[in-house]
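1. with the input below, show me the fold.
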Amino acid sequence: MAEPVDIRTKKIIPKIEQKFNKSSVLESLERNILSHWDTWGKFQQAWTNRAYKSYRDLDKYIVLIYLIKESWQKLAEKFQYQTMDEFYESEFVTIEKINLIQISNELNIPKETIRRKVNELQLDGILKREGKSIVFNRKGIETQKPEKSIDLLSAFIEKKSKMMGGQEWFGPAVTKLEIAEFVRKYFTIVWLRFFKLQIPFLTRHRNVFQDLETWIVWGNIALSHQYHLAKAAENELIQEPITIKSYFSNVTDVKIVRGINASSIADISHIPRATVIRKLKWLVKQDCIKKNKNLEYQMKKGGKLNKSIQDNFILNQNAVAEFLTDFFDYMKNSNFKL
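-> Purely as a prediction, here's the structure:
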């Protein structure tokens, strides 16, 4: 049977034959859980910090990437794709028959909030509403050009590739340069899959922390603990092997002398210091962080949120493993070619 062809661009739409097993990828991540979570945590921190710096509103940002994801999904359903250059040369992108209730249900954000964020994006000149359709103009498309994000993601995937490289089931590792070139060539396919990882990931955190800014504040404290946990393991102070299920309890249990203060969190995240302080007070009330005598914040065992955070962590590891499995299948086990 012939491969499907995009009649407008004459491109052959690559066929994917999944060969990798998610359980093998997840097992590899678990064996290297400290280095894996360090690289993933730092990637997520950089990605979300850049998003906040650009939009100052992560609810608005998640609505924006959801809408762009929908446009790429429509392309995929027609057996079409675009390179990065082709997509960003577009004068406009139209999404037909947008359904605010559907967006609200998928993002777990009230419908009126979705409507307000869409209107704000329109006032920002990023999109315009035409009846039930939404149209992104060149400016709107350019606001989401992920040059730096591709660099960050390629570095992250390269590290996972080296982690699995050489194993019989995986074969040779791939380089950051090869990954970035692959992403740009099959851009709407790969970035659609990336958004399908990120949108539920962000939504789960929003559900636990009530808003994404609070999650970012908490995440800076968690990354500080992750650093100390890795040092403790390096110095052979951790007695039992760390698994995906035990990781979160190890992070909260690790002994640290210093924490991180509100000003440092504000500097790293670009969130105003007054907002950071308000979010820290809420987290203290939830009993999942504590403040020391130096006005620095640390994670705390127990508390109202920790069970939900731990459950999220396990779900997210599975989601990351699924994304990596799909990506390496795209790159290694399909007729997508550089």
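
2. distance between the ends of stretch 96-109?
-> 21 Å (CA to CA, to the nearest Å).

3. which residues does it contact?
-> Outside of stretch 96-109, the residues within contact range by CB atoms under 8 Å, 6 or more residues apart in numbering are 59, 62-63, 66-67, 70, 74, 110-111, 113-115, 118, 132-134, 199, 203, 206-207. C-betas here are computed from N, CA, C, even on glycine.

4. buried stuff in it?
-> 98, 103, 104, 107, 109 (16 or more other CB atoms under 10 Å).

5. residue 272: how many residues sit nearby?
-> Residues within reach of residue 272, counting by other CB atoms under 10 Å, total 12.

6. what does stretch 283-303 rub up against?
-> So stretch 283-303 is in contact with 214, 217-218, 221-222, 224-225, 249, 251-253, 256, 258-262, 265, 280, 304-306, 309, going by CB under 8 Å, 6+ apart.

7. try it again with 7 Å
-> Stretch 283-303 has contacts (CB atoms under 7 Å, 6 or more residues apart in numbering) with 214, 217-218, 221-222, 225, 251-253, 256, 258-261, 280, 304-306.

8. where along the stretch 101-250 of the chain do the strands fall?
-> 127-130, 133-137 (DSSP state E, counting those that start in this stretch).

9. now do the helices in the stretch 1-150 of the chain.
-> Using DSSP state H, counting those that start in this stretch, the helices of the stretch 1-150 of the chain run over residues 22-31, 33-55, 58-77, 84-88, 100-107, 111-123, 138-142, 147-164.

10. check the stretch 201-338 of the chain too.
-> Using DSSP H, counting those that start in this stretch, helices in the stretch 201-338 of the chain cover 212-234, 244-253, 262-269, 273-285, 306-332.

11. quick one, grab the pLDDT at residue 114.
-> If you check residue 114, the pLDDT there is 96.

12. report the contact partners of it.
-> 63, 100, 103, 104.

13. same check on residue 282?
-> Per CB under 7 Å, 6+ apart, neighbours of residue 282: residue 214.

14. which other residues reach stretch 29-37?
-> Under CB under 7 Å, 6+ apart, the answer for stretch 29-37 is 163, 226, 229, 230, 233, 242, 243, 244, 247, 317, 321.

15. wait, doesn't the second one sit right on residue 42?
-> No: here residue 226 lies out of contact with residue 42, judged by CB atoms under 7 Å, at a distance of 9.1 Å.

16. who has more neighbours, these two?
-> When neighbours are counted by other CB under 10 Å, residue 226 and residue 42 differ, and residue 226 comes out ahead with 22 against 15.

17. look up how far residue 232 lies from the more buried one.
-> Between residue 226 and residue 232 the computed distance is 11 Å (CB to CB, to the nearest Å).

18. residue 318 now?
-> With CB to CB as the criterion, residue 318 and residue 232 are 26 Å apart.

19. for residue 317, same thing?
-> Taking CB to CB, one finds residue 317 at 21 Å from residue 232.

20. again with residue 35
-> Residue 35 is 14 Å from residue 232, by CB to CB.

21. then residue 102?
-> Taken as CB to CB, the span from residue 102 to residue 232 is 46 Å.

22. same deal with residue 83?
-> 45 Å.

23. show me what contacts residue 256?
-> Residue 256 touches 225, 228, 298, counting by CB under 7 Å, 6+ apart.

24. repeat that for 10 Å
-> By CB atoms under 10 Å, 6 or more residues apart in numbering, residue 256 lies in contact with 224, 225, 227, 228, 229, 231, 232, 292, 296, 298, 299.

25. which non-adjacent residue is nearest residue 53?
-> Excluding the flanking residues, the one nearest residue 53 by CB to CB, 6 or more residues apart in numbering is residue 270, at 4.3 Å.
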